[in-house]
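>>> Structural data only, the sequence is not supplied:
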């Protein structure tokens, strides 16, 4: 047996988004599996002082909804997928009541995908599929929602919209979020609180701003912190590889609306200049295109030009 986590002890603050970050293999997804009672562990995981291990699956599903990292594409419509979230409340015959269908409609409306209700999940893009699954767990109507790296297959445009949606749900529906995240810049921008896993243990837990100021993230992830201009939020911390100082020019690209040409459309990017203390580099963070039904033609290309 391999012990992945050791002495893990933290609490979720109601109606806040808590991010869990850590290097690959630090046990982030293992933590979610333990909450979902899929892996053995010692100690207790409690919800309002109730031990999850002694609850029935139905009881847990009425309190906590979990969106795993790997999502399948079943041959069902978006509406049918969303209705799966009502399973913990259905009787033995699995019959949907008017109240259940209203919960489905409310979830689709809240996520903004009512127009996709009759579309098959297999026909959705990565971002649309992620929203459909979010509608499913929202229809589950739980007080706590756990998301395991929910933006893994999204481009930048969808990522930003997705986290704005979580902020809206947190505020309007009073949902408490625990989100496993791999992007540090996203974590410090959107999380109210942060838990940093390192060496099987918690290296830091608490307020996100205090975490950024402490230097823990640079120490654990071997990255440098930079300041980027964020429209509406002023300067926001972002994190990048701790490269050796060099003399290059740096641009941060952000996606703009798609241009259409005939039957094909393609993604374009516009530069937004930002400065780093020790070096400048020319970066393309993400290029997303749609040609003959294919997307994500290029991701993560980085170019440096000396001056």
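Perfect, I can see it now. Model, not experiment: these values are computed from the prediction.
>>> Stretch 120-133: end-to-end distance?
Stretch 120-133 stretches 13 Å from its first residue to its last (Cα to Cα, to the nearest Å).
>>> now stretch 41-51
One end of stretch 41-51 to the other measures 13 Å (Cα to Cα).
>>> Ignoring the adjacent residues along the chain, who's closest to residue 174?
residue 15 (5.0 Å; Cβ to Cβ, 6 or more residues apart in numbering). Bear in mind the C-beta positions are built from the backbone N, C-alpha and C, glycine included.
>>> Report the separation between the spatially most central residue of the chain and residue 237.
For the chain, the residue sitting closest to the mean C-alpha position, by Cα atoms, centre = their mean, is residue 150 at 3.5 Å. According to Cβ to Cβ, to the nearest Å, residue 150 stands 21 Å off from residue 237.
>>> How about residue 78?
Taking Cβ to Cβ as the measure, residue 78 falls 36 Å from residue 237.
>>> which of those two has more neighbours?
residue 78 (28 against 20; other Cβ atoms under 10 Å).
>>> wait, that one sits on residue 122?
No - Residue 78 lies out of contact with residue 122 (Cβ atoms under 8 Å); the separation is 10.7 Å.
>>> Contacts for stretch 170-181, please.
Stretch 170-181 has contacts (Cβ atoms under 8 Å, 6 or more residues apart in numbering) with 12-21, 28-29, 31-32, 69, 110, 138, 142-150, 166, 169, 187, 191.
>>> Any idea how many residues pack against residue 152?
Residues near residue 152, counting by other Cβ under 10 Å: 15.
>>> And residue 47, by the same measure?
If we define neighbours as other Cβ under 10 Å, then residue 47 has 16 of them.
>>> ok, now residue 164?
11.
>>> That one sits in which helix or strand?
Under the criterion of DSSP states H and E, residue 164 resides in helix 156-172.
>>> what do you get for residue 141?
When the helices and strands are read off by DSSP H and E, none of them contains residue 141.
>>> What pLDDT does the model give it?
If you check residue 141, the pLDDT there is 95.
>>> Use 446 as the first number from now on
Sure, I'll start counting at 446 from here, so that last one is residue 586.
>>> Tell me, how many residues neighbour it?
Neighbours of residue 586 under the rule other Cβ under 10 Å: 18.
>>> if we can go back for a sec, only the buried residues of the next helix or strand after the helix holding residue 609, if you could.
Going down the chain from helix 601-617, the next helix or strand is strand 621-625, by DSSP H and E. Residues of strand 621-625 classed as buried: 621, 622, 623, 624, 625 (neighbour count, 16 or more other Cβ atoms under 10 Å).
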